[in-house]
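>>> Below are the sequence and a predicted model; questions follow.
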Amino acid sequence: WRGGKVEQFINLCNATANPFQIKPTIDNLDTNYRSSKTIIEFNNSFFDFVGSNILSDDSHSKIYNNATQKCSSDKLGY
């Protein structure tokens, strides 16, 4: 991922380009089983803020606005 072109991921998520021979499927995982409730709440707030207020490109905002996750429990997590 380091040094990769972010446009490749954005194009794949927005179905504007496909570098593969098969049609990709994108599964947004709505429940986070690994992170603590505090981390998930922070990430949800951060992604909502960035998607709504910082990014001017709609294709980028769409990805951030669809990043909300639920917490599986009140466990401490990682």
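All right, it came through fine. Residues are numbered from 1 along each chain as shown.
>>> Sort out which residues of the lowest-mean-pLDDT helix or strand in the chain are buried, please.
Using mean pLDDT, DSSP states H and E, helix 58-65 stands out as the lowest-scoring helix or strand of the chain, at a mean of 75. In terms of neighbour count (16 or more other C-beta atoms under 10 Å), helix 58-65 has its buried residues at 60-61, 63-64. For every residue, glycine as well, the C-beta is placed using N, CA and C.
>>> Just give me how far the helix ranked longest in the chain sits from the chain centre.
The residue-count maximum for a helix in the chain (DSSP state H) belongs to helix 37-49. How far helix 37-49 lies from its chain's middle: 11 Å, per C-alpha atoms, centre = their mean, to the nearest Å.
>>> May I have the least confident helix or strand of the chain as PDB, with CA atoms only?
The C-alpha trace of helix 58-65 is given here as PDB (Å, rounded to 0.1, in the frame of the first residue of the first chain):
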ATOM      1  CA  ASP A  58     -17.600  13.600  -4.500                       C
ATOM      2  CA  SER A  59     -16.000  10.300  -5.400                       C
ATOM      3  CA  HIS A  60     -13.700  10.600  -2.400                       C
ATOM      4  CA  SER A  61     -16.400  11.800  -0.100                       C
ATOM      5  CA  LYS A  62     -18.600   8.900  -1.000                       C
ATOM      6  CA  ILE A  63     -16.000   6.400   0.200                       C
ATOM      7  CA  TYR A  64     -15.500   8.200   3.500                       C
ATOM      8  CA  ASN A  65     -19.300   8.700   4.100                       C
END
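>>> Which strands and helices lie in contact with the longest helix of the chain?
For helix 37-49, the contact count by 3 or more C-beta pairs under 8 Å, 6 or more residues apart in numbering; DSSP states H and E identifies helix 58-65, strand 70-71 as packing neighbours.
>>> most centrally placed residue in this structure?
Ala67 (4.0 Å; C-alpha atoms, centre = their mean).
>>> which residues sit in contact with the residue nearest to it when sequence neighbours are not counted?
In this structure, Ala67 finds its nearest non-sequential neighbour in Phe47, 4.2 Å apart by C-beta to C-beta, 6 or more residues apart in numbering. Residues in contact with Phe47 (C-beta atoms under 8 Å, 6 or more residues apart in numbering) are 64-65, 67-68.
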